[in-house]
Every structure is written in C-alpha cells, then in structure tokens.
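Engineer: Give the three-dimensional model of this entry:
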Amino acid sequence: MIASARSRLSKPPAYRWWILVANMLAYGQFFLTVQVVNAFSSTVQDQWHLATADLALLTTVTLAGYALASAAGGKLQALFGARRTVVGGIVVNVLLAALFPTVVGASYEGMMALRFLQGVAGGCIASSVVSSTTLWFPVRQRGLAEGLLMGVLGFGFALASFFAPPLLSAGMSWQFAAAVLVVAPGAIIAIVYATTVRDLGAVYPGADAVADLLPSDEATAPEERPVARPDTMAQARKQPRFWAAIVVGFVNGWLTYGFATLLPPLLTGNLGFSGDAVASITSATFVITLIASPLGGILSDRVFGGRRWPVLLVGNAVSVVALVAVPFVPHGLVTAVLVIAYASVSLCCGTFWTLPSELVRPSIAAQSTGFITAVANIGSLLTGFALGALIDASASALPALYLCAALAAVSAVACPVIKQ
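Structural biologist: Here you go, the predicted structure:
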C-alpha cells in the first residue's frame, strides 16, 4: 500500500472510502454532542427553571468553541497529522462528557464550561475530517464525499433525540443519560479511528493529496488550472476568491442553522399553521439534507466536472426564489416550497466544504479549512440571536425571512468570484 510520491496511481485507492466512513463517524459523534442537551430540553428546563434563551446558550457555547478552535485545529493537524488530531479531539470530548453527572455538570455554569470546551474539541476534529476527506479523493469525487460527510450532521442530531427518551425512562438523570450518549459511541469511534485510519502522507510518502498521484486530467478541475494556488495562508488571504468562499460559507451556516429559529414563528404567526402541522412541516424540511447534500456533491463532480461555484450559485439562487415565495403560495404548497428552500441550502453544504482544501495547495489544506470554518461559522453563531431579535422587534417573521433571502442573494453574487 506504500507508494513513492513519484509514482502515479491508475485509479484512486479503495481505502479512501474507509477514510470517509471513519470521518463520518467522528463528525457525526461531535454533532450528536452538539444536540445532546437539546434532546433533553424539557427535562433540563423543568429541573433548572431555564428560559428558552438560557437553554439555547448551552448549545450556542458549543458552536462558539467550535468556531474559535477550528483555526487552531488546522495548525494541530499540520503538527501532528489528521489521525492524532481527530482521536485527541474525540478523547477530550468523551472525557468532558464523563463529567456531566458530577458536581461540575450539576450547575448551569459548570455545564456551560463543559459545553464550550466540547466545542473546542469539535473544532479540532472538524478541521481534520473535512480537509482529509477532500485530500483522499480525486477532484471529481470530492463533492460527493463532502456531501456524504455533511449529511451526517442531521444523523447525529437525530440519534441524540431518538435515544434520549428511553434513557430517561430507564431512570437515569439527564446528565448521566447525556454522558452515556456521548461517551459510549465516542470511546468506540476513538479506538476504531486510532487503529484503522492512516494519514495520507504515511500511506503515500511525499504526497499531499491523492490527486497528486493520479493522471493530470483526473487531478485538477478545469477552472483550477490557470490559477496559481497559494502555499501559505498569507497568500490565500490576499485572493478575492478566498474571501468570496468565506462569504458563501457564512451565508450557508446562517441559513443551515437559521431555519430552526425562523420556521416556528413563520408558520404559526404569519401563515396560521397549527402546532402539529408545524412539527410535521419542520421535520419534512430538515430531513431533506440527507439527500440534498450528497446530490449537490454529485452535481459538482459529474455535471460540472469538478467545478464547485455553479452548484453554489444555483443553490443560492433557488433559495432566494423559494424564500421570497413562501408567504404567497397556497397553504398546501408551503411544505413543498420550504423543502425546496432547505434542499437548496443543503445542496451547497457538501459542495462548499470541498473549497477550503481546493483553493490552496494541499500542504495548507487543513489550515485553510480551519480558518474558513472559524470565519464562516460566525454565521451559524449569529443567526439564532439575530433572527430571534428581529422577529421579536417586528412581531413578525417576515422581515427575518426576507433577510435570509437577501443574504442568499449576496452569496449568489459571490459565487462567480470563486472561479477567478
């Protein structure tokens, strides 16, 4: 399996698919961690007498740690390799979760501290799994790989919500049940990752990406050939297309997480749906990500020959049209339009996360991924507070809806800049 950097592969190694599976397990375990307090939301609120905003902070601080640590995660990967960085992040996450049932996790402030530190661990995990997934795949398969990787976010969310009620019914405290949900799979995944995953440089010494070992017509996407890719972050930050990608990532994070804040008041207050209808519409809207995220990757790989920006442009343009149309369509079509709107957001998700590694030389892919994750995920952090405040101030969800549409339009304008 070891090969010289000077040799070329006739086809991509099958081992890349195990790298993807292992990265999906690691990424999914972290996003299970993100959701784990929300899975026990009613119990937490009753026991600690928390307002909804206070409960939301227990998740927001995790995302804050995630965003702040992403750049550092890229640097850790450069120093220690992807495998050690991911395993270290999972182990820290597991150890922090094990403190949930103790004195530390028995107070709101203690839980806030643990959740923030779990986000820091997640930032280290994310930079490595996103960049290593891209580098293990040829250009025309990267979109599919990242689409599958990003689709696991919703699966992690769903697992936490599914297992929470039976664990509580078994007589566990919510802190102990939350610890079980994080620690049990986390410990197994850490062991599997540590024993079965190898860094690309260890398998193919001297190579930074599988694409480097493939025939030249398979290695590079058409729009990348005339563009000199930077080999330092200082050079990358001087390129307009690097910042255009950050704008697209910011908006994608805003919309991905903003729908959860936007939909309930929009459907009940502005469109007059019942509570039961809101639950079913919301579920139908979010489940589409499992299909749309890989689909966007396939389109960018196969239809557009490895180019990413056309899918991002189409996805954002469809988001604009669908969001603006929601208040004007008949009630019977609202679910379909919202599903289209969120599908177009998800269409961009996996496709977008190939870019941090493709806009730079492979040697700084992890650092680029970490930097873009840190800046782009500010959108994920701000969206709940900003949309909630706008809805409260205007007593209507429509201004928030149109703000989301306007941001999608800005993102669409930024997409063609990425190809320069």
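
Engineer: Excluding chain neighbours, what is closest to residue 260?
Structural biologist: Across the structure, with Cβ to Cβ, 6 or more residues apart in numbering as the measure, the residue nearest residue 260 apart from its sequence neighbours is residue 384 (7.5 Å). The C-beta positions use only the backbone N, C-alpha and C, and glycine is treated the same way.

Engineer: Go through whichever strand or helix holds residue 335 and flag the buried ones.
Structural biologist: Using DSSP states H and E, the element containing residue 335 is helix 331-352. For helix 331-352, the neighbour count (16 or more other Cβ atoms under 10 Å) marks 334-335, 337-352 as buried.

Engineer: Check the protein and tell me which residue is nearest its centre.
Structural biologist: residue 150 (5.5 Å; Cα atoms, centre = their mean).

Engineer: Which strands and helices lie in contact with the helix or strand containing it?
Structural biologist: Using DSSP H and E, residue 150 sits within helix 139-169. In this structure, helix 139-169 packs against helix 15-39, helix 108-136, helix 174-196, helix 216-219, helix 289-298, helix 331-352, with contacts taken as 3 or more Cβ pairs under 8 Å, 6 or more residues apart in numbering; DSSP states H and E.

Engineer: What distance do you get for residue 119 to residue 347?
Structural biologist: 27 Å (Cβ to Cβ, to the nearest Å).

Engineer: any idea how far residue 214 is from residue 16?
Structural biologist: Taken as Cβ to Cβ, the span from residue 214 to residue 16 is 12 Å.

Engineer: just residue 317 next, same as before
Structural biologist: 32 Å.

Engineer: more neighbours, the two?
Structural biologist: residue 16 (19 against 16; other Cβ atoms under 10 Å).

Engineer: could you list every residue that touches the more buried one?
Structural biologist: 136, 137, 145, 210 (Cβ atoms under 8 Å, 6 or more residues apart in numbering).

Engineer: Could you pull up the contacting residues of the nearest residue to the second one once chain neighbours are set aside?
Structural biologist: Counting by Cβ to Cβ, 6+ apart, the nearest residue to residue 137 once its immediate chain neighbours are dropped is residue 145, at 4.7 Å. Contacts here follow Cβ under 8 Å, 6+ apart; on that basis residue 145 touches 16, 20, 133, 134, 136, 137, 297, 350.

Engineer: Compute the first-to-last residue distance for stretch 359-367.
Structural biologist: Stretch 359-367 has its terminal residues 12 Å apart, counting by Cα to Cα, to the nearest Å.

Engineer: For it, give the mean pLDDT please.
Structural biologist: When pLDDT is averaged along stretch 359-367, the result is 83.

Engineer: Could you do stretch 290-304 as well?
Structural biologist: 87.

Engineer: List the contacts of that stretch.
Structural biologist: 139-148, 150-151, 154-155, 306-308, 310-311, 315, 342-344, 346-351, 354.

Engineer: redo that, cut-off 7 Å
Structural biologist: Outside stretch 290-304, the residues within contact range by Cβ atoms under 7 Å, 6 or more residues apart in numbering are 140-148, 150-151, 154, 307-308, 310-311, 315, 343, 346-351.

Engineer: low pLDDT regions in the stretch 201-350 of the chain?
Structural biologist: Counting by pLDDT under 70, the stretch 201-350 of the chain shows low-confidence ranges at 216-227, 275-287.

Engineer: show me where it has strands.
Structural biologist: For the stretch 201-350 of the chain, applying DSSP state E, counting those that start in this stretch gives no strands.

Engineer: so where do the helices sit in it?
Structural biologist: 216-219, 233-236, 240-265, 275-287, 289-298, 309-325, 331-352 (DSSP state H, counting those that start in this stretch).

Engineer: what comes up buried for the second one?
Structural biologist: Just to be clear, that refers to helix 233-236. Buried-residue list, helix 233-236, by 16+ other Cβ under 10 Å: 233, 236.

Engineer: Please name every helix or strand in contact with that helix.
Structural biologist: For helix 233-236, the elements it packs on are helix 365-376, judged by 3 or more Cβ pairs under 7 Å, 6 or more residues apart in numbering; DSSP states H and E.

Engineer: now the helix it packs on and helix 240-265, what's the angle there?
Structural biologist: 50 degrees (axes from the mean of the first three to the mean of the last three Cα atoms, to 10 degrees).

Engineer: hang on, the earlier thing: and the helix holding residue 335, how far out from the chain's middle?
Structural biologist: 16 Å (Cα atoms, centre = their mean, to the nearest Å).

Engineer: quick one: contacts of it?
Structural biologist: So helix 331-352 is in contact with 143, 146-147, 149-151, 248-249, 252, 255-256, 259, 271, 281, 284-286, 288-289, 292-297, 300, 308, 311-312, 315-316, 318-319, 322-323, 325-326, 329, going by Cβ under 7 Å, 6+ apart.

Engineer: cool, and stretch 96-105?
Structural biologist: 110, 111, 114, 117, 118, 173, 175, 176, 178, 179, 182, 183.

Engineer: can you check stretch 69-78 too?
Structural biologist: Under Cβ under 7 Å, 6+ apart, the answer for stretch 69-78 is 85, 119-120, 123-124, 126-128, 131, 366-367, 369-371, 373-374, 377.

Engineer: how about 8 Å then?
Structural biologist: For stretch 69-78, with Cβ under 8 Å, 6+ apart as the criterion, the contacting residues are 85, 88-89, 119-128, 131-132, 364, 366-371, 373-374, 377.
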